[in-house]
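**Student:** just to be clear, the model below is a prediction. Sequence and coordinates:
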Amino acid sequence: MRKTCVAITALALVPLGAAGCVSKSEYTKTVQAAEARYNALDAENTRLKRELADAGKRNEQLTADLTLKSGELGKSVADLRQRVGTLEGDNARLTRSSPTRRSRARRRCARSARPTTSSSPR
């Protein structure tokens, strides 16, 4: 009875042991494939980190340029608003003045706005 029990146990354990065994060549191939995949992913990760750093630098540069342009445009807008206010004040003053003054002022503006041309032939 004892021999039978040992034989049954041994026969039950042999297939379980055989199922868990993998040949060394299969293991080596799997390990090499995993290492190759790891190296490829590591190289891609390094490339992506470098691209991210370059994009960060470019973003900082563009942000600085945008801030500079925004400041310049804000200054231009303020200057133009001041100029419009001055011109509106001049317009109101001229509108209130006498018709003779207005016609003289218009003539002066028209003369100063005309482009100068040279009459000497070449």
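**Tutor:** That came through, no problem.
**Student:** average pLDDT across the longest helix belonging to the chain?
**Tutor:** Taking DSSP state H as the criterion, the chain has its longest helix at helix 24-96. Averaged across helix 24-96, pLDDT comes to 93.
**Student:** show me what it is packed against.
**Tutor:** Counting contacts by 3 or more C-beta pairs under 8 Å, 6 or more residues apart in numbering; DSSP states H and E, helix 24-96 packs against helix 99-113. Bear in mind the C-beta positions are built from the backbone N, C-alpha and C, glycine included.
**Student:** which helix or which strand is home to residue 6?
**Tutor:** Secondary structure assignment for residue 6, by DSSP states H and E: helix 2-20.
**Student:** give me the average confidence score over that helix.
**Tutor:** Here the average pLDDT along helix 2-20 is 67.
**Student:** closest to the centroid, which residue in the protein?
**Tutor:** The centre of the chain sits closest to residue 59, judged by C-alpha atoms, centre = their mean, with a distance of 5.4 Å.
**Student:** contacting residues around it?
**Tutor:** Residue 59 makes no contacts at all, as judged by C-beta atoms under 8 Å, 6 or more residues apart in numbering.
**Student:** that one and residue 67, how far apart?
**Tutor:** As defined by C-beta to C-beta, to the nearest Å, residue 59 lies at a distance of 12 Å from residue 67.
**Student:** do the same with residue 95
**Tutor:** 42 Å.
**Student:** cool, residue 52 as well?
**Tutor:** 22 Å.
**Student:** what of residue 61?
**Tutor:** In this view, residue 61 and residue 67 are 11 Å apart by C-beta to C-beta.
**Student:** got it, and residue 80?
**Tutor:** Distance from residue 80 to residue 67, counting by C-beta to C-beta: 20 Å.
**Student:** state the number of residues packed around residue 94.
**Tutor:** 14 (other C-beta atoms under 10 Å).
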